[in-house]
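1. sequence plus predicted model, see below.
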Amino acid sequence: MTFKAISTLAGLLAGAVLSLASPAHAADDSLSSVLAKKSIALGVASDFPPYGYMGPDFKLTGVDVATAQLIADKLGVKADFVPVSTPNRIPYLQTKKIDLIVSALGKNPEREKVIDFTIAYAPFFQAVFGPKALSIKSFDDLAGKSIAVTRGTIQDDVLQKVAPPTLKIQRFEDDSTTVAAFLSQQTQLLATGAAVAAAAIQKNPQMQAEYKLLLKDSPNFIGVRKGETALLNKVNEILRAAKADGTLEQYSQKWLGRGTGVLPD
Amino acid sequence: MIEFDFGTVLAQWPMLLRGLVLTVVLTAISAVLGALLGTACAWARLHGGPLLKRGVGAYVELVRNTPFIIQLFFIFFGLPSLGLRLSVEVACVLAMVLNLGAYACEIVRAGLQTTPKGQLEAAMSLALTPWQTFSRVVLPPALARIWPALVSQIIIVMLGSAVCGQISAEELSQAANLISSRTFRSFESYIIVTGIYLLLAMALRQLLYWVGPRFIFSRR
């Protein structure tokens, strides 16, 4: 190879490095990189009816999926749905695998330390469920019982704080195994979101299960990576408009069978 | 750039320690029972009646050709429908013993089958009973031959116990998962737990390499 060829090659390489470097710089701001790519990566649940789940046509659907699609449409970009689980969704956001978490995400101070939240977009509450035969009137009645809960969820957190120490908390990886543990009577009680419990109870009438205690009334928020103010403001703007024109109310009526109620702004 | 914060994770050391203890206990019980079961099955596959051979063969095929997590879920979530409800820990041990038993069966059988014919003939000419022949003449050198393979299978089962967290057993990997979901320090949690598993596996191998020749197939 001649000297000239080598220097040309070096020039080409330097050019390649520079051209690689510039989009990486632009990607520091999620909103502009989303608009540039014309696609937004949305972390949604695929096994969490009626928020995010596979419909009979094998397409993702639910309140969260509709809301996420609405955001993508209003941004004028393609919605790239990434199925996330409850324990992995925050790490996915932090490691930039997704741009937004739209998967029935509740807000708490621990999470606020690591990610930012938009305004609320859908109602949600967590509770303890159990068989009719078991009398549970207060948290003290949980003493000596066993309960299934999904690891890392708000209900796990609340139980940890309010339940008597003799309550055996059994933690599972996702809602379907948590519900399976309760339905196979491996645990006496179930702590989960109202929607999940409703579906499980309805499909298994032999369990004679019912609502016992309210753990937390916690509407859903959309999670945004810390410091992504531009994206956060844009999503808030879209959500406020959707709230004002009744779109969110309509989603809630369609999938949850009741209105949104008062959502915190 | 990622900033590491191991302190937050290490502050949860009691949880890691409890997880480590459960992993070690689960492994110890299932290694002993699983190796015994495997040896018994190996004997059955070679010397049992036709029905026993078939039965053990079916068990080995069933376990070796299905995923461990499905076996565990079957025991924990499935058996209660048949009226058999096991605690988390018992379900884990049962799944691990059944799993190791099937693999150990094939490993031990390979060792038994490579016994030179001359040794069997020598045992017969000394008028040893079939049981004496098996337990004194055939088994010890067979175990010595397959010991490295058996040890690595036991280590695989130990590492496989990480799956037990899926049915809420609070073993080492579940502890790491819990710490990571409480502190949001997932990278650090998994680095630490990876290190613990690595040390544990190496220690277990050393221990078994030490125990084997001295107590299990001692050459006198």
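-> Structure received.

2. show me the shaky parts of chain B.
-> Under the criterion pLDDT under 70, the flagged ranges of chain B are B:1-2, B:219-220.

3. what residues does it put near chain A?
-> When proximity is defined as C-beta under 8 Å from any C-beta of the partner chain, chain B approaches chain A at B:76-78, B:80-81, B:85, B:88, B:165-168, B:170, B:174, B:177-178, B:180-182, B:184, B:186. Any C-beta I mention is one placed from the backbone N, CA and C, and that applies to glycine too.

4. which helix or strand lies directly C-terminal to the helix or strand hosting residue A:91?
-> Assigned by DSSP states H and E, residue A:91 belongs to helix A:89-94. For helix A:89-94, the following helix or strand on the C-terminal side (DSSP H and E) is strand A:100-105.

5. and residue A:21, what pLDDT?
-> pLDDT recorded at residue A:21 is 45.

6. now the helix holding residue A:91: average pLDDT?
-> In the prediction, helix A:89-94 has an average pLDDT of 94.

7. quick one on the thing from earlier: which ones among the residues of chain B next to chain A lie within helices?
-> B:88, B:174, B:177, B:178, B:180, B:181, B:182, B:186 (DSSP state H).

8. spell out the secondary structure type for residue B:4.
-> Using DSSP: H, G, I helix; E, B strand; the rest coil, the structure places residue B:4 in coil.

9. where's the residue found closest to it once you drop the neighbours it is linked to in the chain relative to residue A:41, distance?
-> Computed as C-beta to C-beta, 6 or more residues apart in numbering or on different chains, the closest residue to residue B:4 that is not its neighbour in sequence is residue B:188, at 6.0 Å. Using C-beta to C-beta, to the nearest Å, residue B:188 is found at 25 Å from residue A:41.

10. quick one, which of the two is more surrounded?
-> In this view residue B:188 and residue A:41 are compared by other C-beta atoms under 10 Å in any protein chain shown, and residue B:188 has more residues nearby, 21 against 18.

11. which ones are touching that one?
-> B:4, B:5, B:6, B:8, B:9 (C-beta atoms under 8 Å, 6 or more residues apart in numbering or on different chains).

12. how deep is the first one tucked in, by neighbour count?
-> Neighbouring residues of residue B:4 were enumerated by other C-beta under 10 Å; the total is 11.

13. cool, and residue B:200?
-> For residue B:200, using other C-beta under 10 Å, the count is 18.

14. that one against residue B:161, yeah?
-> No: assessed by C-beta atoms under 8 Å, residue B:200 is found out of contact with residue B:161, at 10.4 Å.

15. give the residues shared as contacts by these two.
-> Joint contacts of residue B:200 and residue B:161 (C-beta under 8 Å, 6+ apart) are B:23, B:172.

16. starting at the chain centroid, how far to the host helix or strand of residue B:32?
-> Following DSSP H and E, one finds residue B:32 within helix B:13-47. Remark: helix B:13-47 is offset 4 Å from the chain centroid, using C-alpha atoms, centre = their mean, to the nearest Å.

17. ok, now stretch A:254-265?
-> Put simply, stretch A:254-265 sits 16 Å off its chain's centre (C-alpha atoms, centre = their mean).

18. list the buried residues for it?
-> For stretch A:254-265, a neighbour-count test (16 or more other C-beta atoms under 10 Å in any protein chain shown) marks A:255, A:256, A:260, A:263 as buried.

19. quick one: contacts for the third one?
-> Contacts here follow C-beta under 8 Å, 6+ apart; on that basis residue A:260 touches A:122, A:123, A:243, A:248, A:249, A:252.

20. compute the first-to-last residue distance for stretch A:164-184.
-> 24 Å (C-alpha to C-alpha, to the nearest Å).

21. ok, now stretch A:200-220?
-> Stretch A:200-220 has an end-to-end distance of 21 Å (C-alpha to C-alpha).

22. now swap in stretch A:65-85 and tell me
-> Termini of stretch A:65-85 sit 14 Å apart (C-alpha to C-alpha).

23. now do the buried residues in the helix or strand harbouring residue B:146.
-> Using DSSP H and E, residue B:146 sits within helix B:139-160. Across helix B:139-160, burial judged by 16+ other C-beta under 10 Å covers B:139, B:141-147, B:149-151, B:153-155, B:157-160.

24. where along chain A do the strands fall?
-> A:39-44, A:47-48, A:52-54, A:60-61, A:78-83, A:100-105, A:115-122, A:125-131, A:146-150, A:168-172, A:189-193, A:209-217, A:220-225 (DSSP state E).

25. those strands into a markdown table, with extra columns for mean pLDDT?
-> Listed next are the strands of chain A as a markdown table, based on pLDDT from 0 to 100:
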| stretch | mean pLDDT |
| --- | --- |
| strand A:39-44 | 95 |
| strand A:47-48 | 84 |
| strand A:52-54 | 88 |
| strand A:60-61 | 92 |
| strand A:78-83 | 94 |
| strand A:100-105 | 94 |
| strand A:115-122 | 94 |
| strand A:125-131 | 89 |
| strand A:146-150 | 94 |
| strand A:168-172 | 93 |
| strand A:189-193 | 92 |
| strand A:209-217 | 85 |
| strand A:220-225 | 95 |
